[in-house]
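**Q** Below are the sequence and a predicted model; questions follow.
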Amino acid sequence: MILPKELYDLYSIPMIAKFMATIDGDGNTNLAFIASINTWEEKSDFIIFGEFLMWKSLENLKRNKKVGTLAMTADLAFGAVNGDFNDDFTNTGPIFDKIAYDEMFRYNSYTKIRKSGTIAIREYVMPRQIGKLSIVSDMFQAKGKRKKLEGKDGVNIPLTVKKKFDLMQAVKAVSFMADGKEYPTIVPVMSIFPIDGKSLVFKSSGYNEELKGLKNGQHVAVMVLTMDPIAYQVKGRVDSFDGSYGKIIIEEAFSSSPPLAGEKIA
């Protein structure tokens, strides 16, 4: 499947939020910030990425080649490309060179990629735009539900993680396996905020209508990426979702940034 021009342009932008979701042995998703996701050439039927800070993703790719990806700009335009990892890691050749010699990786000894790989495109979501006013409106509405959704379940996450999820100026995304879908779904959910240290409230919106397919009890992975950039991932279960509002009871939390990238912190 050829990558449409609009998505080619979006995925070619450097230094924007790019995520990859993989599937673990239990059929649940892991969500990672993979800055190296990039395009190859116009009208290519694959996208490329570099192996860098993606230990859990690598484990999952050994068992299941199906991945979801999402790219999102600072102006809040986003699109998604899903496909199959071609199991073609290499540390030589033009694709490896394109990523390895990118300014983001070239001049920093701590951010060098080990290998490059490609993802065959199977499906995509054309770019959408999130309205800034809708983010503000969603924030007040979601936060207004926090008291009603308080509960005792969940694990306590560190205060620093809770503070990141409380930021309005941060990219927040959710991944999950939607009913009847082969590939992980990733959608931005800017209206996710802490209820307390053990759960998050969220609101579905017009730009992420895929959320309406979530079911209570369903496993989700949630990523927050700040402007620093600092990233954390929490995993948990959907609860009390009525199609518009719901909460995520946190079961695990992970650092997704150096020096503790991939380390479980709760």
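**A** Thanks, I have the structure now.
**Q** ok, now how distant is the residue most central in space within the chain from Val238?
**A** Centroid-nearest residue in the chain: Phe19, 4.1 Å away (criterion: Cα atoms, centre = their mean). The gap separating Phe19 from Val238 is 19 Å, by Cβ to Cβ, to the nearest Å. Yep, even glycine has a C-beta here, placed from its N, CA and C like the rest.
**Q** Look up the residues forming beta bridges with the residue nearest to the centre of the chain.
**A** For Phe19, the beta-bridge partners under DSSP bridges are Phe33, Leu70.
**Q** could you measure it against Gly217, distance?
**A** Phe19 sits 24 Å away from Gly217, going by Cβ to Cβ.
**Q** quick one, phi psi at Asp166?
**A** Comment: the main-chain dihedrals of Asp166 come out as phi -80, psi -10, following degrees, to the nearest 10.
**Q** my guess is it meets Pro194, correct?
**A** Yes. In this structure Asp166 lies within contact range of Pro194 using Cβ atoms under 8 Å: 5.6 Å.
**Q** Those two: who's more crowded?
**A** When neighbours are counted by other Cβ atoms under 10 Å, Pro194 comes out ahead of the other of Asp166 and Pro194, with 19 against 14.
**Q** list the contacts for the residue nearest to the centre of the chain?
**A** The contact partners of Phe19, taken as Cβ atoms under 8 Å, 6 or more residues apart in numbering, are 31-34, 69-71, 173, 175, 186, 223.
**Q** pLDDT below threshold where in this structure?
**A** Counting by pLDDT under 70, the chain has low-confidence residues at 107-111.
**Q** quick one, longest helix in it?
**A** Of all the segments assigned as helix in the chain under DSSP state H, the longest by residue count is helix 132-143.
**Q** Assign Ile119 to one of the three secondary structure states.
**A** strand (DSSP: H, G, I helix; E, B strand; the rest coil).
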